[in-house]
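build me a model from this:
(one chain, ligands or ions: 2)
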Amino acid sequence: MAERLCFCSSFCLSPPFSAHPERPTAQSPGLPHLRPIGVADACYVSSSHLLELSSSHLFGRHKPRTQSSWGARASPGSSNSRVRSQAVLSPDKAAERGGLSGEAYYDAIVIGSGIGGLVAATQLAVKGARILVLEKYVIPGGSSGYYERDGYTFDVGSSVMFGFSDKGNLNLITQALAAVGCKMEVIPDPTTVHFHLPNDLSVQVHRGYGEFIGELISKFPHEKGGILKFYGECWKIFNALNSLELKSLEEPLYLFGQFFQKPIECLTLAYYLPQNAGDIARKYIKDPQLLSFIDAECFIVSTVNALQTPMINASMVLCDRHFGGINYPVGGVGGIAKSLAKGLVDKGSEILYRANVTDIIVENGKAVGVRLSGGRQFFAKTIISNATRWDTFGKLLKGENLPKEERDFQKRYVKAPSFLSIHMGVKAEVLPPETDCHHFVLEDSWSRLEEPYGSIFLSIPTVLDPSLAPEGRHILHIFTTSSIEDWEGLPRQEYEAKKEKVADEIIRRLEKKLFPGLQSSITFVEVGTPKTHRRYLARQSGTYGPMPRNTPKGLLGMPFNTTGLNSLYCVGDSCFPGQGVIAVAFSGVMCAHRVAADIGLEKKSPLLDNALLSLLGWLRSLA
Ligand SMILES: NC(=O)c1ccc[n+]([C@@H]2O[C@H](COP(=O)([O-])OP(=O)(O)OC[C@H]3O[C@@H](n4cnc5c(N)ncnc54)[C@H](O)[C@@H]3O)[C@@H](O)[C@H]2O)c1
Ligand SMILES: CC(C)=CCC/C(C)=C/C=C/C(C)=C/C=C/C(C)=C/C=C/C=C(C)/C=C/C=C(C)/C=C/C=C(\C)CCC=C(C)C
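Ligands and ions are numbered 1, 2, ... in the order given. Model (predicted):
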């Protein structure tokens, strides 16, 4: 296989597993087969040791490389030897430094290496901060990770990558990689998604905006004016967003600076902050079927309908897909996290895998450190949690009263359902020529859009990158919303039987709608339930992210990165602006900026800080 990550070729994916079951078995939960992550054996690795660590862990053959063997590689006397020697300090020493002297060794500890956590960590590391990322799992990426089976490389979560172009200011994935000296080869996707909807409505979202709008107007000619106005308003917002330098909206010097430099754009965004896409669509469009189509457009990125989807978020995705386009990273989505993790270590910071944080340590009303499940402790000036807010405040902070901001958040947002996901290998000939990469299927009734198992998402990343599967095979990643309650309390056999039954039904629906002969072309299948997501992604109830309880006031009620607890920050999809890889990347950028200001790596004004934080708190209370 050719080297595919320009700066990151040293850690190609681990070799395939041995024999696999043709059908799901007790050992095939749909994500990597790993023994529960024991934390006593947590170990430091540099990204270049990722292959060794993951394959050794997966195959149970080698002992992970120890800190001292890695430390021996630091070259004393080299220009960055100070940074390197800090980077290889043994965990016990690091803990001791913080614990005994009371002086925090790290500038920040990041709990979790999802894209949100990794972006926050790398952005801080490039500013010169000393960061320790603690990841419960054996590889980085969380929902944006990968796993391998029988020659297939599967993306754990979504394969639709926004923000991955070389244009504008909103290509946050490209920028995050560039910050640590990485650039990935990408493959442009000619169609973001092919919708297969009730009443045989079929719409391809072409990469070219004109082509997409032309197709939509051809299906709804009587709504031409409304279509142009709605999507035109999205462009107004997207262009305003794209003109700004994106940093922390909780940092007043930056925010007021942007208002000063780009007043029209900032006021545009402030105007749309409390608005939802469905209300704006209804100003221009009357046709109920077209409004339902816009619901489906929003649902695929927010898991709720347009009336509940913030207009800024809708504009971001409905336009970026045509502006920068959707681009798939060669070698799979997992390469993004691996590249960021390597970049982090290259900048002198550290990642510790199999490090399950069980407690955030609080002293005098301030977060000062964390404790792992083996009892080891680490201390830092700031703690950044990439766990969901429900996990952070419900599990990691013990004995603390839930801060008012979090109570308000939980009043406004509930956990979105999780997913049932089916990762399949199929014979290539079952796909008709010119099959699109991403599909959204809702066959009979619009009312089933948001119901569990109602809509089906399907990605076929091998349409873009055939190297992800053995020759003559394709990957089908199928997912549909499903709640954890549906899967709990079942005896093992019933659980397995239910997985098979539900998956068979979804596959049968796809066979009927899209690919005749699908069932008999399957060469590999693995099914993951919400329990699988909970277990491997460490997300409460396996949730996909926050979802408004009622109709939200756009993005107004979404919390940013600071929390009610001093020195504790959150990052990821339960922070502004919400779900989505690009959205959590933005939350990482914002978080890093706010933390950098608080630890003296960026300018700050305590007076203005207080004023802005109070103003934002007040605005949120209006949501
Ligand atoms: N199936 C899917 O497509 C799917 C599922 C869920 C989420 N998502 C999307 O993925 C993105 C989420 O990104 P993110 O950055 O917010 O988070 P993430 O969930 O991707 O990553 C969080 C990471 O933190 C780790 N972690 C959690 N608790 C920990 C603890 N106590 N100790 C150590 N490590 C811990 C997890 O193992 C994980 O690697 C969003 O876009 C979301 O919408 C997709
Ligand atoms: C503060 C005040 C007072 C004022 C201010 C004003 C201003 C300046 C403002 C500003 C703002 C801003 C900057 C904002 C920003 C925002 C952003 C960036 C956003 C973003 C977003 C994004 C998103 C949401 C995304 C999402 C995505 C997703 C989720 C995706 C998904 C996908 C999937 C699931 C796939 C599908 C598949 C198939 C179909 C197959």
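
so who does Tyr328 touch?
Residues in contact with Tyr328, defined by C-beta atoms under 8 Å, 6 or more residues apart in numbering, are 159, 161, 186-187, 189, 437, 461, 464-465. The way it works is simple: take the backbone N, C-alpha and C, and place the C-beta from them, glycine included.

again but with Leu177, I slipped
Contacts were defined as C-beta under 8 Å, 6+ apart; by that measure Leu177 touches 183-184, 336, 339-340, 343.

and it, how far from Gly348?
Separation of Leu177 from Gly348 (C-beta to C-beta, to the nearest Å) stands at 18 Å.

residues near Gly399, how many?
Gly399 has 6 neighbouring residues, counting by other C-beta atoms under 10 Å.

quickly find the element holding it.
Counting by DSSP states H and E, Gly399 is held by no secondary-structure element, helix or strand.

just the buried ones from the contacts of Tyr328?
Those of these that meet the buried threshold are 159, 161, 186, 189, 437, 461, 464-465, by 16 or more other C-beta atoms under 10 Å.

next, the residue of the stretch 451-600 of the chain found nearest ligand 1: secondary structure please.
Per C-beta to the nearest ligand atom, Gly572 is where the stretch 451-600 of the chain lies closest to ligand 1, at 2.6 Å. Following DSSP: H, G, I helix; E, B strand; the rest coil, the label given to Gly572 is coil.

ok, and the closest non-adjacent residue to it?
In space, and not counting its chain neighbours, Gly572 is closest to Gly116: 3.6 Å by C-beta to C-beta, 6 or more residues apart in numbering.

tell me which residues touch that neighbour, please.
For Gly116, the contacting residues are 386, 571-573, 575, 584-585, 587-588, 591, by C-beta under 8 Å, 6+ apart.

okay if I get those as TSV plus pLDDT and neighbour count?
What follows is those, written out as TSV (pLDDT from 0 to 100; neighbours: other C-beta atoms under 10 Å):
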residue	pLDDT	neighbour count
Asn386	98	34
Val571	98	33
Gly572	97	31
Asp573	96	26
Cys575	97	29
Val584	98	31
Ala585	98	31
Ser587	98	31
Gly588	98	31
Cys591	98	34
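
of those, closest to Ser373?
Proximity of the contacts of Gly116 to Ser373 was ranked by C-beta to C-beta; the top entry is Asn386 with 17.1 Å.

shouldn't that closest one be in contact with Val119?
No: the pair Asn386 / Val119 is not scored as a contact, 9.6 Å apart, by C-beta atoms under 8 Å.

Pro509: neighbouring residues, count only.
Residue 509: Arg, not Pro. Other residues lying near Arg509 total 18 when counted by other C-beta under 10 Å.

OK, contacts around it?
441, 443, 456.

that one - that's part of a strand, no?
No: counting by three-state DSSP, Arg509 is not found in a strand; it is helix.

which residues of the stretch 51-200 of the chain lie near ligand 2?
158, 160, 162, 193 (C-beta under 6 Å from any ligand atom).

please repeat the previous calculation with a cut-off of 8 Å.
With C-beta under 8 Å from any ligand atom as the criterion, the stretch 51-200 of the chain meets ligand 2 at residues 157-160, 162-163, 170, 172, 192-193.

can I get those residues in JSON lines including secondary structure, pLDDT and distance to ligand 1?
JSON lines is the format used below for these (DSSP: H, G, I helix; E, B strand; the rest coil; pLDDT from 0 to 100; distance: C-beta to the nearest ligand atom, whole Å):
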{"residue": "Gly157", "secondary structure": "coil", "pLDDT": "92", "distance to ligand 1": "3"}
{"residue": "Ser158", "secondary structure": "coil", "pLDDT": "86", "distance to ligand 1": "4"}
{"residue": "Ser159", "secondary structure": "coil", "pLDDT": "94", "distance to ligand 1": "9"}
{"residue": "Val160", "secondary structure": "coil", "pLDDT": "96", "distance to ligand 1": "9"}
{"residue": "Phe162", "secondary structure": "coil", "pLDDT": "97", "distance to ligand 1": "10"}
{"residue": "Gly163", "secondary structure": "coil", "pLDDT": "96", "distance to ligand 1": "11"}
{"residue": "Leu170", "secondary structure": "coil", "pLDDT": "97", "distance to ligand 1": "16"}
{"residue": "Leu172", "secondary structure": "helix", "pLDDT": "98", "distance to ligand 1": "12"}
{"residue": "Thr192", "secondary structure": "strand", "pLDDT": "96", "distance to ligand 1": "16"}
{"residue": "Val193", "secondary structure": "strand", "pLDDT": "97", "distance to ligand 1": "14"}
